[in-house]
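Engineer: Here is the input, now give the coordinates:
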Amino acid sequence: MSIQDVLQEARPEVIVSESERRFTQLLAEAEASHEFESVPLELMVGEHLVSVVITELNGAEWCDAASVPPRPFNSSDARLGCNGDALLLTYPVDHIVIGDEHPTREEWAELVGYITAPDRIDITAALWWLHIGRHEQAKAELVLAQARRSNRG
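Structural biologist: As a prediction, this is how the structure comes out:
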C-alpha cells in the first residue's frame, strides 16, 4: 500500500457540496485543457536574423509584466494597453528562447536595445495576441455557440 493510499484512508471523510464538486471539476478541466501558446519570430539584429520564440504567461504573470502604463500619444502602447518597451525589458526570460537557450535578463536587455522598431512592434503584437487577442476570440466564439444553442431550444 502506498503512502498516499494510507493517508487517504486515514483522513476523515469530507462531505463536498454539489457546488464545490462542480467548481473543483471546472478548475480541473481548465488546468487540463489550457495550453500555453508560443510565437516564433525572426528578428533583425545588426546584419543577422535571430530566431526568437516567446511563450505565453499565465494571467497573473501577464498582469504583472504588463503593469507599466502606456505612454501618452504612443499608438503602439495604446493598442497593447501598456508600455511596450518596458514590457520587452521585463518579460520573463524563462519564456523567451533564442536559438535553443533562454537568455539571461542582462543578455535579453542588451538584445532588446538592438531590435529594430518594426521588429519591436512585431513582438508587442505577438504578445498582445498571445495574452489578449486569442482569448477574446475564443470567448466570442463560445458566446456565439451558446447563443446558437439557446436559439435552437
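
Engineer: and residue 53, which of the three is it?
Structural biologist: Per DSSP: H, G, I helix; E, B strand; the rest coil, the secondary structure class of residue 53 is strand.

Engineer: again, but for residue 36
Structural biologist: Under three-state DSSP, residue 36 comes out as coil.

Engineer: which residues touch it?
Structural biologist: Neighbouring residues of residue 36 by CB atoms under 8 Å, 6 or more residues apart in numbering: 55-58. Glycine gets a C-beta too; all of them are placed from N, C-alpha and C.

Engineer: got the phi/psi numbers for residue 45?
Structural biologist: As for residue 45, its main-chain torsions (degrees, to the nearest 10) stand at phi -130, psi 110.

Engineer: Counting only strands, which of the contacts of residue 36 make the cut?
Structural biologist: Per DSSP state E, strands hold the following members of the contacts of residue 36: residue 55.

Engineer: Can I get the contacts of residue 36 in CSV including pLDDT, neighbour count and distance to residue 32?
Structural biologist: Shown next, in CSV, are those (pLDDT from 0 to 100; neighbours: other CB atoms under 10 Å; distance: CB to CB, whole Å):
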residue, pLDDT, neighbour count, distance to residue 32
55, 97, 14, 19
56, 96, 21, 17
57, 95, 20, 19
58, 92, 10, 15
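
Engineer: Export the contacts of residue 36 to CSV and append columns for distance to residue 100.
Structural biologist: Compiled in CSV, the contacts of residue 36 are given as follows (distance: CB to CB, whole Å):
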residue, distance to residue 100
55, 14
56, 19
57, 21
58, 24
